[in-house]
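Novice: Mind looking at a prediction? Sequence and model below.
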Amino acid sequence: MSSVQDTIFEIIAKESGIDVARITPEATLKDLEIQSLDAIQIIFEIEDHFKITMPDRDPNFDTESVRGLVEAVERLLAEKSRTAAGAT
């Protein structure tokens with residue numbers, strides 16, 4: 001399990017009030033019974049924590065599943081580090 005995944009699991013658990021043990025990469029936010037407003041807050045917390053901006057309605061990013069969130073954050077962090085490396 002990656003540190004990104006651990007952090008996202010913790011954010012989901014904290015914001016939704018569910019036990020982190022219930023969260024799996026295969027789960028969707030709907031499976032976890034997370035309401036849409038809570039899901040939005042989870043996205044905001046992830047963006048704030050990692051200092052990234054999640055794409056809005058981008059078909060290349062799956063933000064419905066936990067695995068999709070982890071992969072999206074990892075991809076955005078990789079792009080951010082490449083951009084930062086190119087800027088120096």
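Specialist: In hand now; what should we look at?

Novice: what's around I18, how many residues?
Specialist: For I18, the tally of surrounding residues (other CB atoms under 10 Å) stands at 15. C-beta coordinates here come from the backbone N, C-alpha and C atoms, glycine included.

Novice: so what's it closest to, chain neighbours aside?
Specialist: By the measure of CB to CB, 6 or more residues apart in numbering, the closest residue to I18 outside its immediate chain neighbours is L32, 6.1 Å from it.

Novice: With A27 instead?
Specialist: Sequence neighbours aside, V66 is the residue nearest to A27 in space, at 5.1 Å (criterion: CB to CB, 6+ apart).

Novice: what residues are up against the one you found?
Specialist: Listed by CB atoms under 8 Å, 6 or more residues apart in numbering, the contact partners of V66 are 8-9, 12, 23-29, 32.

Novice: what separates L32 from S81, distance-wise?
Specialist: For L32, the distance to S81 equals 30 Å [CB to CB, to the nearest Å].

Novice: which residue is nearest the centroid of this protein?
Specialist: When the chain is reduced to its mean C-alpha position, the closest residue under CA atoms, centre = their mean turns out to be L69, at 3.6 Å.

Novice: quick check, it in a strand?
Specialist: No - checked against DSSP: H, G, I helix; E, B strand; the rest coil, L69 lies outside a strand; its state is helix.

Novice: That one and I8 touch, don't they?
Specialist: Yes - taking CB atoms under 8 Å as the contact criterion, L69 and I8 are neighbours in contact, 5.6 Å apart.

Novice: what do the two both touch?
Specialist: Shared contacts of L69 and I8, defined by CB under 8 Å, 6+ apart, are found at I46.

Novice: the more surrounded of L32 and S81?
Specialist: For L32 and S81, the more surrounded residue by other CB under 10 Å is L32, and the numbers stand at 17 against 10.

Novice: Tell me who's in contact with that one.
Specialist: Applying CB under 8 Å, 6+ apart, one finds that L32 lies in contact with 12, 16, 18, 22-23, 66.

Novice: Likewise for D62?
Specialist: Under the contact definition (CB under 8 Å, 6+ apart), the residues listed for D62 are 68-69, 71-72.

Novice: and with 10 Å instead?
Specialist: With contacts taken as CB atoms under 10 Å, 6 or more residues apart in numbering, D62 has the following neighbours: 28, 68-72.
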